[in-house]
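In: return a 3D structure for these sequence lines:
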Amino acid sequence: MIKPIDEMLKLWAEEMHNPGSAGGGYAGGNLLAMMMANKGEMIRGTRGSKVILDRVAELDLIINHLPDEQKDVVTEHYLNRDSEASQKYRYCRCSRNTFYLRLHVAHQSIQSRLMRRVA
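Out: A predicted model of the protein is given here:
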């Protein structure tokens, strides 16, 4: 795994696909959904930066354009918090080694696409 990409994907999972929040996280900027997720409390300054939200949205777009095998591994690894590792491998129809190889290749693809967008 590529550590900076891993950290970005963890943020992506938290912001875009936070379980239990209306509308799939805070990335949509929906004030009502944010307040519902925080039980009526308005929490300012916690990952509310437009730069972070833009990066999360950009990552979501990149992930949605990955080949299916890579996309499945990324979503299983970062979004599926309920399943055991063996269940994730079975869902992706591969062994543990293949799962992590695909995840590494997905990290490389994401890094490459991010670098192209910067250039």
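
In: and residue 10, what element?
Out: Following DSSP states H and E, the helix or strand that holds residue 10 is helix 3-16.

In: give me the helices and strands touching that helix, please.
Out: Taking 3 or more C-beta pairs under 8 Å, 6 or more residues apart in numbering; DSSP states H and E as contact, the helices and strands that helix 3-16 lies on are helix 50-64, helix 68-79, helix 96-118. All C-beta atoms are positioned from the backbone trio N, CA, C, and that covers glycine.

In: of the ones you listed, flag the one that's most buried.
Out: helix 68-79 (a mean of 19; mean count of other C-beta atoms under 10 Å).

In: just to revisit the earlier point, got the angle for the helix holding residue 10 vs helix 50-64?
Out: Between helix 3-16 and helix 50-64, the angle formed by their directions is 100 degrees, by axes from the mean of the first three to the mean of the last three C-alpha atoms, to 10 degrees.

In: picking that back up, what's the closest of the helices and strands packed on helix 3-16 to residue 88?
Out: Each of the helices and strands packed on helix 3-16 was checked against residue 88 via C-beta to C-beta, and the shortest separation belongs to helix 68-79, namely 4.4 Å.

In: list the contacts of the helix or strand following the closest one.
Out: Moving toward the C-terminus from helix 68-79, the next helix or strand (DSSP H and E) is helix 85-91. Where contact means C-beta atoms under 8 Å, 6 or more residues apart in numbering, the residues beyond helix 85-91 that reach it are 72, 76, 77, 80, 83, 95, 96, 99.

In: redo the residues you listed as JSON lines? Include distance to residue 117.
Out: Formatted as JSON lines, the contacts of helix 85-91 follow (distance: C-beta to C-beta, whole Å):
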{"residue": "72", "distance to residue 117": "23"}
{"residue": "76", "distance to residue 117": "25"}
{"residue": "77", "distance to residue 117": "23"}
{"residue": "80", "distance to residue 117": "27"}
{"residue": "83", "distance to residue 117": "32"}
{"residue": "95", "distance to residue 117": "33"}
{"residue": "96", "distance to residue 117": "32"}
{"residue": "99", "distance to residue 117": "27"}
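
In: noted, bye for now.
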